[in-house]
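Q: Here is a sequence with its predicted model. Questions after.
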Amino acid sequence: MTRPITAGVDGTQESLAALDWAAREAVRRGLPLRVVHAWRYAEALAAADRDTQHGWVAQGVEDAVRSVAERHPGLAVTTDVVEGGAADALAGAAAEMLVLGSRGHGPVVGFLLGSVGQQVIAEAARPVVLVRAGDEPAAEAAGRDVVVGQQGGPEDSAAALRFAFEAAAARGAAVRVVRAWTLPPVFAYSPGSLRLLDEAGGLEPYEKQALADAVRPWRERFPEVPVAEHVEMGSAGQVLLAAAERAQLMVVGRRARRTAVGARIGSVAHGVLHHAGCPVAVVPHN
């Protein structure tokens, strides 16, 4: 069964920007769009019973969907108005990806990630894309790169690389793959790692080779996608944020694991989400 691109809406400007982004992405990928609105009955509104409140919510969703359908007449759109928690309704959705809005307060603060967004990103089994209010398709039309962070070995970033290459192929864009590295503590060296570094000619050539090895299978799978490989010394968050200034979409990975305090996003993804000016896709991996 074809999984849709699912957009969570709540009537805010950021969620409407997310809906627009999700619609454009669905058209590019030839997928249906599913629009989800989760709501709770407000007992404080004594003059409005449950059916009346549901009608208000459904009408708002219908108005938003009508606007999208007018801009994309060939797009298949379904709506789902769910009573209950938004995070649960979205995190468990059977979707190709989830698209949410996130408030932005300028280039310094970037995303203000609310509790719903944090829970969905941490628990969703599918990629989650965060879109700021005021997002425009101009960056996509300008031909900016899809930027993706790579770390560890080829398997560690395979899910993020796949998502980035698929997004770039759908847009006719290039992929810029970024790998950040730092000098490890002296005591972290082992005889085996020292031998590998010697064979590679040093730390930076070793990192460049590691990046090339991770990207190679995706170059072969998507030969039509231009690729730039970028290795830079520094913290992963800072290096990725610098690259995000020239991106139409930033892709980062998130380890799909739970801790004693629940699921977590990860420090790199968390930093990028709070400061990137472009939409950010968080892709879970094992």
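A: Good, I have the coordinates.
Q: Ramachandran angles for Phe222?
A: Here is the backbone geometry of Phe222 (degrees, to the nearest 10): phi -130, psi 70.
Q: Now it: closest residue in space, sequence neighbours ignored.
A: The shortest distance from Phe222 to any non-neighbouring residue, by Cβ to Cβ, 6 or more residues apart in numbering, is to Phe165 (4.6 Å). Any C-beta I mention is one placed from the backbone N, CA and C, and that applies to glycine too.
Q: Name the SS class of that neighbour, please.
A: When the structure is reduced to helix, strand and coil (DSSP: H, G, I helix; E, B strand; the rest coil), Phe165 reads as helix.
Q: Which residue ranges of this structure form helices?
A: Listed in chain order, the helices found in the chain under DSSP state H are 13-29, 50-71, 86-91, 106-109, 115-123, 138-141, 158-171, 191-200, 203-221, 236-244, 267-275.
Q: so what's the residue nearest to Phe222 up against?
A: Under the criterion of Cβ atoms under 8 Å, 6 or more residues apart in numbering, the contact list for Phe165 reads Val175, Trp218, Arg221, Phe222, Val225.
Q: closest to Val283 out of the helices of the chain?
A: Put simply, out of these the one that sits nearest Val283 is helix 158-171, at 4.5 Å, with distance taken as Cβ to Cβ.
Q: ok so, going back, could you redo the helices of the chain as JSON lines and give each row distance to Ala281 and mean pLDDT?
A: Converted to JSON lines, these look like this (distance: least, Cβ to Cβ, whole Å; pLDDT from 0 to 100):
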{"stretch": "helix 13-29", "distance to Ala281": "10", "mean pLDDT": "93"}
{"stretch": "helix 50-71", "distance to Ala281": "20", "mean pLDDT": "84"}
{"stretch": "helix 86-91", "distance to Ala281": "15", "mean pLDDT": "79"}
{"stretch": "helix 106-109", "distance to Ala281": "20", "mean pLDDT": "36"}
{"stretch": "helix 115-123", "distance to Ala281": "10", "mean pLDDT": "79"}
{"stretch": "helix 138-141", "distance to Ala281": "14", "mean pLDDT": "72"}
{"stretch": "helix 158-171", "distance to Ala281": "6", "mean pLDDT": "96"}
{"stretch": "helix 191-200", "distance to Ala281": "31", "mean pLDDT": "56"}
{"stretch": "helix 203-221", "distance to Ala281": "16", "mean pLDDT": "93"}
{"stretch": "helix 236-244", "distance to Ala281": "12", "mean pLDDT": "88"}
{"stretch": "helix 267-275", "distance to Ala281": "10", "mean pLDDT": "80"}
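Q: between the ones you listed, which one is nearest to His37?
A: Between His37 and the helices of the chain, the shortest gap by Cβ to Cβ is with helix 50-71, which sits at 4.8 Å.
Q: Give me the buried positions along that closest one.
A: Buried residues in helix 50-71, defined by neighbour count with 16 or more other Cβ atoms under 10 Å: Gln53, Val57, Gly60, Val61, Ala64, Val65, Val68.
Q: counting contacts, what elements does it pack onto?
A: For helix 50-71, the helices and strands in contact under the criterion 3 or more Cβ pairs under 8 Å, 6 or more residues apart in numbering; DSSP states H and E are helix 13-29, strand 33-39, strand 77-83.
Q: Of these, which is nearest Ala276?
A: Between Ala276 and the helices and strands packed on helix 50-71, the tightest spacing by Cβ to Cβ is seen for helix 13-29, at 14.1 Å.
Q: how big is the angle separating that closest one from helix 158-171?
A: Angle between the axes of helix 13-29 and helix 158-171 is 80 degrees (criterion: axes from the mean of the first three to the mean of the last three Cα atoms, to 10 degrees).
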